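Trainee: what follows is a predicted protein model with its sequence.
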Amino acid sequence: MDEAEKERLTDRFRAYLDAHSQAVPGDSAQGTDDDAAPDLFTLLSELAALKNEVKLESRQVKSALDDFRTLFDTLREANARLDDEQERRREQERAADQKGEKDLLLELLELRDRLQAGHDQARRFQPGWFGGRTAAFVASMAEGMGMNLRRFDETLARREVRELPALGQTFDPRTMHAAELARNPYRPEGVVVGELRKGFLYRDRLLRPAEVVVNRPRGRALGSPDGVPPPGVWSLG
């Protein structure tokens with residue numbers, strides 16, 4: 001290789017080194033700025049700040065949940081109180097309806113008592129010597145009152161009102177009121193021998209107690225074990 005060729009190659013290599021030496025410092029500085037890792041203190045500071053922020057957000061979330069829980073408990077208690085109030089109101093309305101219905105039924109029973117009394121009086125009517133027409137009129141009136149009384153009882157039966165059996169039964173202070181005492185020695189003691197006012201049940205509950213005559217003899221008559229009084233002895237039963 002001659003001297004001219006060596007000189008030419010040397011110039012080209014020198015030009016390459018000059019170009020490379022100008023480009024590398026700039027690239028190295030840029031790479032250092034872009035790829036430089038943070039130091040440990042900065043990293044720990046950032047982690048501590050992140051931890052505090054997470055704690056703060058967690059407390060806020062917990063506080064919000066507690067507020068929601070309190071609100072839900074308040075709403076549940078309010079709903080429970082509202083349900084109780086509505087139940088009490090419905091119970092009061094039912095009680096008022098039952099009282100109104102009971103009062104109405106008692107008034108109907110009073111009307112029935114009057115109708116029954118008129119019917120019994122008409123049946124017991126005894127005409128005089130010249131009372132043929134009067135007797136026929138009273139008999140027809142008694143028949144009509146009897147029909148009305150039966151219809152009245154049917155109406156009460158549809159309302160689930162039925163008569164309380166008392167006559168011949170043992171006196172029960174829970175359903176009967178002893179208005180009078182009988183002294184019949186030929187009837188058992190404590191048995192009902194008369195009924196002054198009928199008692200009634202409403203749906204198997206006492207609607208009106210019966211007013212009855214209860215037998216309470218001072219002593220039994222001798223010679224009458226079967227309870228049949230001898231001739232001439234008066235008996236309330």
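Mentor: Yep, that arrived. On a predicted model such as this, the values are computed, not experimentally measured, just so you know. Numbering: from 1, shown residues only.
Trainee: every contact and neighbour count from this point should use C-alpha atoms.
Mentor: Fine.
Trainee: confirm that Val192 sits in a strand.
Mentor: Yes: Val192 forms part of a strand when assessed by DSSP: H, G, I helix; E, B strand; the rest coil.
Trainee: neighbouring strands - and their directions - for the helix or strand that Val213 is a member of?
Mentor: Per DSSP states H and E, Val213 falls inside strand 210-215. Paired with strand 210-215 in the same sheet, following DSSP bridges, are strand 176-182 (parallel), strand 192-197 (antiparallel).
Trainee: just the CA trace of the last one, in CSV.
Mentor: Spelled out, it's strand 192-197. The C-alpha coordinates for strand 192-197 follow below in CSV (Å, rounded to 0.1, in the frame of the first residue of the first chain):
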residue,chain,number,x,y,z
VAL,A,192,-131.4,-24.4,86.2
VAL,A,193,-135.2,-24.8,86.5
GLY,A,194,-136.3,-21.6,84.9
GLU,A,195,-135.1,-19.1,82.3
LEU,A,196,-136.1,-15.5,82.6
ARG,A,197,-134.0,-14.3,79.7
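Trainee: heading C-terminal from that strand, find the next helix or strand.
Mentor: Beyond strand 192-197 in the direction of the C-terminus, DSSP H and E gives the next helix or strand as strand 199-202.
Trainee: around Val191, count how many other residues there are.
Mentor: 21 (other CA atoms under 10 Å).
Trainee: residue contacts, it?
Mentor: Applying CA atoms under 8 Å, 6 or more residues apart in numbering, we find Val191 in contact with 168-171, 214-215.
Trainee: put the buried members of these into a PyMOL selection.
Mentor: Only the buried entries of these go into this PyMOL selection, using 16 or more other CA atoms under 10 Å:
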select buried, resi 168+170+171+214+215
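Trainee: how about the strands paired with strand 210-215 in CSV, adding distance to Arg8, mean neighbour count and mean pLDDT?
Mentor: Output for those, formatted as CSV (distance: least, CA to CA, whole Å; neighbours: other CA atoms under 10 Å; pLDDT from 0 to 100):
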stretch, distance to Arg8, mean neighbour count, mean pLDDT
strand 176-182, 146, 18, 94
strand 192-197, 151, 20, 94
